[in-house]
Structure formats: C-alpha cells, structure tokens
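Peer 1: Here is the input, now give the coordinates:
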Amino acid sequence: MGARSSVQRVSPSTSADHQNRTELCILILGTIAAGKTTLFRQFLHFGKCKPLERKHYRHIILYNLWEIWNDIYVSCKKLRLNISDEKELFDVVTDSWFRQNLATETVQAMLDLYKCAPVRECLENQQYSSCFTNKMHFLNSLERITADSYIPTEEDILYSYSQTIGIDRISYRTPVADLSVIDIGGNKYSRRKWPDYFSITSLLIFIVDITKFCRIKSDDCFKEREDGEEAVTAFAELCSNITLKKSHFMIIFNKKDVFEKLQPSPSAAPPGGTEQSPTSDANTSLAVIRAKFLNQVTSRKIYQHTLTLLNESTVNATVMESVNNVARKIRAPSPV
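Peer 2: Numbering: from 1, shown residues only. Next up, the predicted model:
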C-alpha cells in the first residue's frame with residue numbers, strides 16, 4: 001500500500017535531553033501489497049487526522065472501488081456465471097468513471113449490481129480469489145462512499161490500497177525513543193533501493209501477506225503479482241545481509257483474519273500443503289508458512305507477530321510494544 005510522503009515534526013529538546021534519548025530507525029519492507037503502508041499509517045496515528053487531510057484520500061478510495069468492480073467482472077466470467085442481464089450495468093461501473101465527477105447513473109449502477117444474484121454468488125464463492133482482500137468494507141459502504149459530501153474515515157484510509165512509489169518517511173517522538181520510520185515499495189524496482197538504508201536501520205520490520213500462500217495465481221489484479229515464495233526469497237536475502245548483522249528483526253504475518261476465512265480449493269494446493277497432500281487445518285498451515293521464514297533466521301532473535309494490521313488495538317499491544325522493547329535494549333548499556 002502507498003502513502004503520501006509526510007513528516008511529523010518532533011518537539012524541540014535541549015542538548016542534554018537529546019543525548020539521553022534513544023534514536024530508532026525503523027525500516028518497513030515486504031513484497032507487493034503485503035501491508036507495509038497499513039503499518040506506516042498506524043505509525044502516523046491517523047486518529048488525529050483532520051477532515052481536510054482525510055479528504056485527499058477520496059480519489060484513491062474511489063479508484064479502489066473501480067478496481068474492485070473490474071475484478072468482480074473478470075471473476076464472474078472466470079466462474080462462468082451468467083451476467084448477460086447485468087451487462088449494461090457492468091459496462092457503466094467498469095468504465096473509467098473515476099477520472100470524472102461521479103455521475104448519478106454510475107452510483108445507481110453500483111448499488112443495483114451489488115444486489116444482483118450473480119455478483120452475490122461471485123462474492124460468496126470460495127473459488128473467487130481476489131487481490132482486494134478489503135473489498136467488502138467498501139462494497140458494504142457504497143452509499144456513504146459515493147455521496148457528494150464523502151470524506152474518508154481513518155478506517156477507510158487504512159483499508160485503501162495504492163502501490164508505494166518512492167519512499168515515505170516520518171519522524172516523531174515517543175516516551176521511549178525518537179523514531180524515524182521508512183516505508184519503501186515492494187516491487188522489484190523499489191527493492192533495488194532497500195540496501196541504501198541498511199546501514200542506518202535499527203529495526204527491520206518485514207511484512208508477509210500470508211493469504212498469498214492460499215490464493216489461486218492470477219495476473220488480473222497486479223502486473224507484478226507475486227506468490228508467497230517470492231517473499232520467502234526476499235526475506236532470506238535480508239537475513240544473510242552483512243550490513244544488517246547488528247539490526248533487530250521483526251516479522252509480521254499479516255491478514256490473519258482473511259487467511260482463516262479462506263478454505264483449501266480442490267483445484268489448487270492449499271497453504272502449507274500440496275495437491276497430493278493437502279493441509280486444511282488453519283493452525284497447521286500457519287505453522288508451515290511461518291517455518292518457511294523463521295528457518296532463514298539462524299543467529300539472531302526475531303520478534304514475530306501473526307495478526308491483522310488493520311486492527312489498531314492489536315497493533316498497539318504487539319507491534320508497538322516490541323518496538324518499545326527494541327528501543328529499551330538499544331538504550332541499555334552493554335554489560336562489561
């Protein structure tokens with residue numbers, strides 16, 4: 001996910017105060033659509049965003065809605081659902097309406113389509129593998145999101161998706177440390193920039209989209225769509241990097257809620273298993289997936305969390321607490 005480049009200024013401090021504080025540089029990495037920017041936005045404390053700031057995200061969310069309808073249309077055809085009666089409605093919602101002012105005809109077409117039997121069947125079909133794991137949040141809020149007076153909520157912003165292009169960075173102060181948080185894109189081009197920040201990294205947070213291990217492969221959503229094994233390879237390279245030898249590591253297995261809802265498909269190998277030897281138990285599958293990554297770590301302690309980054313309370317109780325622990329360890333004097 002992408003975000004606006006933004007800097008939150010830290011409050012002034014005296015020279016003595018600065019010397020007693022811990023500086024922590026956090027580098028957030030992962031492959032495409034893993035949830036990097038969701039965590040970045042959690043660091044930004046979006047609960048403090050003003051309506052004018054949230055309004056800037058309206059275009060991104062409407063674009064997401066357009067992508068979702070195109071994804072549903074393609075999926076209906078793949079599932080061979082009869083959508084002949086809905087063709088005119090699909091023509092309206094899959095047109096490039098996001099480039100213009102939202103027309104009444106377009107809004108009504110979306111509302112009508114959402115009630116149609118083929119669309120409901122597609123959304124409920126277990127073989128429907130969508131890139132947009134947060135689609136129901138937007139579809140269930142169609143009337144609110146398409147209203148002329150719509151201003152995105154903090155939750156809408158967290159659920160939105162836009163690929164990170166470039167580098168986003170924020171700096172702010174906590175009671176424990178002065179934090180500098182860097183989010184870099186996960187596509188193959190952006191990964192070339194990762195090493196530029198290794199030398200200043202105190203804590204590397206690698207995010208894994210665990211649902212990529214149980215989706216049917218498709219190229220309809222992202223041109224650079226990757227499966228879970230791509231993330232394993234990227235993480236292994238980070239673990240063996242000499243520059244990161246003294247950095248603390250945290251790995252987050254993200255989208256636990258979606259993962260638990262996905263059931264193994266008879267036409268594809270389920271998570272942690274093969275077509276000949278399926279693994280249908282979610283806990284067993286998670287253990288196998290985690291092992292793929294943790295086996296890459298040999299000589300360091302690693303913080304690990306399996307959760308949903310959209311859940312602010314869970315993030316605060318786990319990820320943020322681990323960040324504070326790292327800051328305390330860095331601040332503590334080394335034993336003589």
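Peer 1: In what element of secondary structure is Asp95 found?
Peer 2: Using DSSP states H and E, Asp95 sits in no helix or strand.
Peer 1: which residues touch it?
Peer 2: Asp95 makes contact with Thr106, according to C-beta atoms under 8 Å, 6 or more residues apart in numbering. Placement of C-beta: from N, CA and C, glycine included.
Peer 1: One more: Thr106?
Peer 2: With contact taken as C-beta under 8 Å, 6+ apart, Thr106 is in contact with Val92, Val93, Asp95, Trp97, Thr146.
Peer 1: Run the chain-centre distance for stretch 197-216.
Peer 2: 10 Å (C-alpha atoms, centre = their mean, to the nearest Å).
Peer 1: again but with stretch 290-303, I slipped
Peer 2: In this view, stretch 290-303 has its centroid 21 Å away from the chain centroid, taken as C-alpha atoms, centre = their mean.
Peer 1: So what's the model's average confidence on that stretch?
Peer 2: Along stretch 290-303, the predicted local confidence has a mean pLDDT of 91.
Peer 1: Please spell out which residues along that stretch are buried.
Peer 2: Taking 16 or more other C-beta atoms under 10 Å as the basis for neighbour counts, the residues of stretch 290-303 that come out buried are Arg290, Lys292, Phe293, Gln296, Val297, Tyr303.
Peer 1: Endpoints of that stretch, how far apart?
Peer 2: Stretch 290-303 has an end-to-end distance of 12 Å (C-alpha to C-alpha, to the nearest Å).
Peer 1: Next, the residues that contact it from outside, please.
Peer 2: 208, 228, 231-232, 235-236, 239-240, 248-251, 253, 304, 306, 322, 325-326.
Peer 1: Then stretch 318-333?
Peer 2: Applying C-beta under 8 Å, 6+ apart, the contact partners of stretch 318-333 are 22, 24, 26, 39, 42, 174, 176-177, 179, 202-203, 205, 248, 250, 252, 303, 305, 307.
Peer 1: neighbour-wise, which of the contacts of Thr106 leads?
Peer 2: Scoring the contacts of Thr106 on neighbours with other C-beta atoms under 10 Å, the highest-scoring entry is Val93 at 22 neighbours.
Peer 1: pLDDT score for it?
Peer 2: What the model reports for Val93 is a pLDDT of 93.
Peer 1: Leaving out chain neighbours, which residue sits closest to it?
Peer 2: Of all residues not flanking Val93 in the chain, Trp69 sits nearest, at 4.3 Å (C-beta to C-beta, 6 or more residues apart in numbering).
Peer 1: Just the contacts of stretch 318-333: which are in helices?
Peer 2: Among the contacts of stretch 318-333, the members found in helices (DSSP state H) are Leu39, Gln42.
Peer 1: could you flag which of the contacts of stretch 318-333 are buried?
Peer 2: For the contacts of stretch 318-333, burial is judged from neighbour counts taken by 16+ other C-beta under 10 Å, and it is met by 22, 24, 26, 39, 42, 176-177, 179, 202-203, 205, 248, 250, 252, 303, 305, 307.
Peer 1: What is the burial count for Ile289?
Peer 2: Residues near Ile289, counting by other C-beta under 10 Å, number 24.
Peer 1: quick one: it and Thr314, what's the gap?
Peer 2: Plainly put, Ile289 is 19 Å away from Thr314 if you go by C-beta to C-beta, to the nearest Å.
Peer 1: Same question for Arg80.
Peer 2: Per C-beta to C-beta, Arg80 is found 39 Å from Thr314.
Peer 1: ditto for Gln304
Peer 2: Distance from Gln304 to Thr314, counting by C-beta to C-beta: 14 Å.
Peer 1: quick one, which of these two is more surrounded?
Peer 2: Neighbour comparison, Gln304 and Thr314: the larger count goes to Gln304, with 18 against 15 (by other C-beta under 10 Å).
Peer 1: pretty sure Glu86 is touching Leu113, no?
Peer 2: Yes - counting by C-beta atoms under 8 Å, Glu86 does reach Leu113; the two are 6.2 Å apart.
Peer 1: what sits in contact with each of those two?
Peer 2: With contacts taken as C-beta under 8 Å, 6+ apart, the residues that reach both Glu86 and Leu113 are Val119.
Peer 1: which SS class is Leu29?
Peer 2: At Leu29 the chain is in strand, as set by DSSP: H, G, I helix; E, B strand; the rest coil.
Peer 1: For the longest helix along the chain, C-alpha coordinates in PDB please.
Peer 2: Ordering each helix of the chain by length in residues (DSSP H) puts helix 58-78 first. Provided in PDB are the C-alpha atoms of helix 58-78 (Å, rounded to 0.1, in the frame of the first residue of the first chain):
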ATOM      1  CA  ARG A  58     -11.100  10.300  -1.600                       C
ATOM      2  CA  HIS A  59      -9.700   9.800  -5.100                       C
ATOM      3  CA  ILE A  60      -7.600   6.800  -4.000                       C
ATOM      4  CA  ILE A  61     -10.600   5.100  -2.400                       C
ATOM      5  CA  LEU A  62     -12.900   5.800  -5.400                       C
ATOM      6  CA  TYR A  63     -10.100   4.300  -7.700                       C
ATOM      7  CA  ASN A  64     -10.000   1.200  -5.400                       C
ATOM      8  CA  LEU A  65     -13.800   0.900  -5.900                       C
ATOM      9  CA  TRP A  66     -13.400   1.000  -9.600                       C
ATOM     10  CA  GLU A  67     -10.700  -1.700  -9.400                       C
ATOM     11  CA  ILE A  68     -12.900  -3.900  -7.300                       C
ATOM     12  CA  TRP A  69     -15.800  -3.700  -9.800                       C
ATOM     13  CA  ASN A  70     -13.400  -4.700 -12.600                       C
ATOM     14  CA  ASP A  71     -12.100  -7.500 -10.500                       C
ATOM     15  CA  ILE A  72     -15.700  -8.800  -9.800                       C
ATOM     16  CA  TYR A  73     -16.500  -8.600 -13.600                       C
ATOM     17  CA  VAL A  74     -13.500 -10.700 -14.500                       C
ATOM     18  CA  SER A  75     -14.100 -13.200 -11.700                       C
ATOM     19  CA  CYS A  76     -17.800 -13.600 -12.800                       C
ATOM     20  CA  LYS A  77     -16.600 -14.600 -16.200                       C
ATOM     21  CA  LYS A  78     -14.000 -16.900 -14.900                       C
END
